[in-house]
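Asker: Fold the following and give me the result.
(2 chains, ligands or ions: 2)
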Amino acid sequence: MTMSTTPESLSAKQKELEKKMTEERSQSHTAPASLASVAQTKVSRPAGAKRLGTGLEARGVHAWFGKNHVLSDISVDFASGTVTALIGPSGCGKSTFIRTLNRMHEFIPTAAMAGEVLLDGKDIYAPGTDVTKIRLKVGMVFQKPNPFPSMTIGENVLAGLRLAQLKSTNKDDLVEECLIRAGLWNEVKDRLDEHGGALSGGQQQRLCIARSLAVSPHVLLMDEPCSALDPGSTLRIEETISELAESMTIIIVTHNMQQAARVSDYTAFFLSDGGPGEMVEYGKTSEIFSNPKDKRTENYVTGRFG
Amino acid sequence: MSIETDNPLPSKEKKITPQPQTPWKTSGTERASSLIFILAAAAASYMTVALTPMKGILPLTLLFFIFAALFSFIRGNRSRGIVAGQDSAAGVVMAIGMFVALLPIASILYTTVSKGLPGLHRGLLFNDMSAATPTDPITEGGLSHAIVGTFVMVMISLAIALPLGLLTAIYITEIRGRFTRPIRFLVQAMSGVPSIVAGLFILSAFVYPITKTFSGLMGSLALSILMIPTIARTAEEVLRLIPEDLREAGLALGGTQWRTVAMVVVPAARSGLVTAVILGIARVAGETAPILLLTGGGDQININPVEGAMGSLPFYIWKSFFFGSEEAVARGWAGLLVLLTLVLILFATARFFSTRKVR
Ligand SMILES: Nc1ncnc2c1ncn2[C@@H]1O[C@H](COP(=O)(O)OP(=O)(O)OP(=O)(O)O)[C@@H](O)[C@H]1O
Ligand SMILES: [Mg+2]
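Answerer: Ligands and ions are numbered 1, 2, ... in the order given. Here you go, the predicted structure:
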């Protein structure tokens, strides 16, 4: 037995490593300036005339898994035609929150929630609400690309229509339009009859975006849509998000500060210190990244903790 | 001619093209030494049998197994230590276990093929037994009525068992209602129901009180009782493999649960479900007890399941052996060979579909 394996020396070593990493981080992220400048150089979108719906508003949303209170009193107004980024450390309840926004939360057997979510002014949890109609209007893109394996690329795009039993007059045009908007058309236009699984991960994710666009949702929820993608695909999807935001309300969860700064108009910072996750700060993205009001937000966006 | 460059990479001419090698595989010398050890084990066991009162093939095989395990332990121990010794002894024991388990299967196959082949003749698949008795020469008659009967009954029982089995599996994996656990338990218990019980159930529930005659349909009902648990359990396993993501994606697109299951989950499990169907068929194709009780077992082709006796392969085999004459027994073996071939084809098809990757 050598000394290097005793617990004391191990933890000392670890502390040293952590210290070094924190130092490196604070050096490499001379961040507030650069992120803030990214956040500010964004061209602001014109108030579009083709807006779908009037936005989504969460009022005092709480969430539980069994007895475990994981989300406490979240109130945000997502205005139509804006992109809002949700940021925060792992496990603070971002996914749980956006899943309450299209009623996917209730899919988990132990789940419970409180509060209101207003879609175009109406509470989606009101008794008698048709859940499938809500999910048609509030689309969702998951972290892991999940095209339907039994369907071709074209069928995947149209899957939402078939699932919801909607009629469409011209399916070919719709497939083309959705794939163009998702930035995938040029890559797949000659292979629409191939299976969705035959695409690369980034292409699959854009296919999933196209799939959710086909039912023309008013709101699009994206849970870390780029976490498994290369920088090129990521940029392509970010462009897509900017284009989509002209007509839709977009809410995106991301662990990538640069991405949040690049694509979003508003940013919400979530945090859980042992208890349920809370929204520490919400504001214009340029404000959050250049001039955060809360110390914890500043630490997080500059990479000093989390 | 040589020009000095800063390039640290060796120039193309000097490079030796590497040959593909597999250093992790067993080499020829190792294989030879293994062979020597096996021969040594064989010799040792032979000597023991020769020198001691233990005689016969059984002690010989047993001793051979023991010596093989012992020698491989010593060999592994000497070359790479005690752990390697245990490892190679365990390997030998497992190889022996596999061999012993395969023996009866090989024996069944061999017996059936060797005894069934002489009974094969051209008319076998095209003639029925309406104009021949089992004691006639083997070239008379055939088993077309039995094949047709088995086909009709298996198809009817499949038509009953597939929807019920699939819906049961969907209830367990998709709906996950309050009765999931009791139903799973019931399905498992049902797969242990002896086939004669299924036959007696149909006999007392349908034949005596209602139809009062034997028929193919009654046989099919009993077979479907046996088929449902096989299909339900296999389908359940297959549906369980479908990632949760796909269900969530379907629901998030505005599908109801029912449409999500029908459009996304079941199609994604398609090839596995084909396997479930084939395994279900293979399970009942050779069932004899309920067939004897319920079908009446005719000697001519009858495709009407609700009227008249219906022949089938198991019945044909049973009847032939029952007669006991040389020709009849030869017919029985030929029938067995046909049945076994059919079941093997079904299993091979099932394997083909189940090993194809679910994209
Ligand atoms: N299905 C579940 N059952 C029970 N608890 C859950 C479930 N899903 C999430 N949780 C708990 O809820 C809390 C919030 O989880 P959530 O997935 O919303 O975090 P997150 O912010 O999305 O994290 P990440 O950035 O890692 O995706 C966590 O403490 C987690 O353990
Ligand atoms: Mg998450």
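
Asker: Please name the residues that touch the residue lying closest to residue B:223 once chain neighbours are set aside.
Answerer: Excluding its sequence neighbours, the residue lying closest to residue B:223 (C-beta to C-beta, 6 or more residues apart in numbering or on different chains) is residue B:157, at 3.8 Å. C-beta: built from backbone N, CA, C; applies to glycine. Contacts for residue B:157 were tallied using C-beta atoms under 8 Å, 6 or more residues apart in numbering or on different chains; they are B:220-221, B:223-224, B:227, B:284.

Asker: Highest neighbour count among these?
Answerer: Using other C-beta atoms under 10 Å in any protein chain shown as the neighbour test, the contacts of residue B:157 are led by residue B:223, with 32 neighbours.

Asker: Which strand or helix spans that residue?
Answerer: helix B:216-240 (DSSP states H and E).

Asker: How are the strands of the stretch 1-150 of chain A distributed by residue range?
Answerer: A:56-65, A:68-78, A:83-87, A:111-119, A:122-123, A:138-141 (DSSP state E, counting those that start in this stretch).

Asker: Including distance to ligand 1, mean pLDDT and mean neighbour count, could the ones you listed go into a markdown table?
Answerer: Shown next, in a markdown table, are the strands of the stretch 1-150 of chain A (distance: least, C-beta to the nearest ligand atom, whole Å; pLDDT from 0 to 100; neighbours: other C-beta atoms under 10 Å in any protein chain shown):
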| stretch | distance to ligand 1 | mean pLDDT | mean neighbour count |
| --- | --- | --- | --- |
| strand A:56-65 | 3 | 95 | 18 |
| strand A:68-78 | 4 | 95 | 17 |
| strand A:83-87 | 8 | 96 | 27 |
| strand A:111-119 | 7 | 95 | 18 |
| strand A:122-123 | 22 | 94 | 12 |
| strand A:138-141 | 13 | 95 | 26 |
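
Asker: measure the residue nearest to residue B:223 to chain A for me?
Answerer: 28 Å (C-beta to the nearest C-beta, to the nearest Å).

Asker: again, but for residue B:121
Answerer: Relative to chain A, and taking C-beta to the nearest C-beta, residue B:121 is found at 46 Å.

Asker: Please tell me I have it right and that residue contacts residue B:139.
Answerer: Yes: using C-beta atoms under 8 Å, residue B:121 is in contact with residue B:139, at 5.0 Å.

Asker: Would you confirm that residue A:279 belongs to a strand?
Answerer: Yes: counting by DSSP: H, G, I helix; E, B strand; the rest coil, residue A:279 is located in a strand.

Asker: separation between it and ligand 1?
Answerer: 12 Å (C-beta to the nearest ligand atom, to the nearest Å).

Asker: Residue B:203: neighbour count?
Answerer: 18.

Asker: ok, it - contacts?
Answerer: B:218, B:293-294.

Asker: In three-state terms, label the residue nearest to residue B:223 for me.
Answerer: Looking at residue B:157 with three-state DSSP, the answer is helix.

Asker: related to what we said a few turns ago, what two of the contacts of residue B:157 are the furthest from one another?
Answerer: B:221 and B:284 (11.5 Å; C-beta to C-beta).

Asker: hmm, back to that, nearest to ligand 1, out of the contacts of residue B:157: which one, please.
Answerer: Nearest to ligand 1 among the contacts of residue B:157 is residue B:227, at 36.6 Å by C-beta to the nearest ligand atom.

Asker: what ranges do the helices span in the stretch 251-359 of chain B?
Answerer: B:257-260, B:266-268, B:270-285, B:289-294, B:313-323, B:326-355 (DSSP state H, counting those that start in this stretch).

Asker: looking at those, which is buried most?
Answerer: Among the helices of the stretch 251-359 of chain B, helix B:289-294 has the highest mean neighbour count (mean count of other C-beta atoms under 10 Å in any protein chain shown), at a mean of 24.

Asker: helices or strands up against it?
Answerer: helix B:195-202, helix B:216-240, helix B:313-323 (3 or more C-beta pairs under 8 Å, 6 or more residues apart in numbering or on different chains; DSSP states H and E).

Asker: Let me see the contact set for the residue nearest to residue B:283 when sequence neighbours are not counted.
Answerer: Leaving aside its sequence neighbours, residue B:283 sits nearest to residue B:230 (C-beta to C-beta, 6+ apart; 4.6 Å). Listed by C-beta under 8 Å, 6+ apart, the contact partners of residue B:230 are B:165, B:191, B:276, B:279-280, B:283.

Asker: that older thread, out of the helices and strands packed on helix B:289-294, which gets nearest to residue A:263?
Answerer: Among the helices and strands packed on helix B:289-294, if distance is taken as C-beta to C-beta, the winner is helix B:216-240, at 37.7 Å.

Asker: Check which residues of that closest one are buried.
Answerer: Using 16 or more other C-beta atoms under 10 Å in any protein chain shown as the test for burial, helix B:216-240 gives B:216-236, B:238-239.

Asker: ditto for stretch B:182-189
Answerer: Buried residues in stretch B:182-189 (16+ other C-beta under 10 Å): B:183-184, B:187.

Asker: quick one: contacts of that stretch?
Answerer: Counting by C-beta under 8 Å, 6+ apart, B:168, B:171-172, B:228-229, B:232-233, B:236 sit against stretch B:182-189.

Asker: still on that earlier bit, between which two of the contacts of residue B:230 is the distance greatest?
Answerer: Pairwise over the contacts of residue B:230, using C-beta to C-beta, the maximum falls at B:191 and B:276, 12.9 Å.

Asker: want to throw the contacts of residue B:230 into JSON lines with distance to residue A:181 and pLDDT?
Answerer: Converted to JSON lines, the contacts of residue B:230 look like this (distance: C-beta to C-beta, whole Å; pLDDT from 0 to 100):
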{"residue": "B:165", "distance to residue A:181": "43", "pLDDT": "97"}
{"residue": "B:191", "distance to residue A:181": "51", "pLDDT": "92"}
{"residue": "B:276", "distance to residue A:181": "40", "pLDDT": "93"}
{"residue": "B:279", "distance to residue A:181": "45", "pLDDT": "90"}
{"residue": "B:280", "distance to residue A:181": "46", "pLDDT": "94"}
{"residue": "B:283", "distance to residue A:181": "51", "pLDDT": "90"}
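
Asker: and of the residues you listed, the nearest to residue A:244?
Answerer: Distances from residue A:244 to these, taken by C-beta to C-beta, are shortest for residue B:276, at 42.2 Å.

Asker: ok, that closest one touching residue B:168?
Answerer: No: the pair residue B:276 / residue B:168 is not scored as a contact, 11.3 Å apart, by C-beta under 8 Å.

Asker: anything in contact with each of these two?
Answerer: Joint contacts of residue B:276 and residue B:168 (C-beta under 8 Å, 6+ apart) are residue B:235.

Asker: And stretch A:111-131, how far out from the chain middle?
Answerer: 20 Å (C-alpha atoms, centre = their mean, to the nearest Å).

Asker: Kindly export that stretch (C-alpha atoms) in CSV.
Answerer: Extracted as CSV, the C-alpha positions of stretch A:111-131 are listed here (Å, rounded to 0.1, in the frame of the first residue of the first chain):
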residue,chain,number,x,y,z
ALA,A,111,-46.4,13.1,-11.0
ALA,A,112,-48.5,15.9,-9.5
MET,A,113,-48.6,19.6,-10.2
ALA,A,114,-50.2,22.8,-9.0
GLY,A,115,-50.8,26.2,-10.6
GLU,A,116,-52.0,27.3,-14.0
VAL,A,117,-50.7,27.2,-17.5
LEU,A,118,-52.5,29.6,-19.9
LEU,A,119,-52.3,28.9,-23.6
ASP,A,120,-53.8,31.7,-25.6
GLY,A,121,-55.5,32.8,-22.4
LYS,A,122,-57.0,29.5,-21.4
ASP,A,123,-55.8,27.2,-18.6
ILE,A,124,-54.6,23.9,-20.2
TYR,A,125,-55.3,22.1,-16.9
ALA,A,126,-58.9,23.2,-16.7
PRO,A,127,-61.4,20.4,-16.4
GLY,A,128,-62.7,19.2,-19.7
THR,A,129,-59.7,20.3,-21.7
ASP,A,130,-58.8,17.9,-24.6
VAL,A,131,-55.2,17.0,-23.9
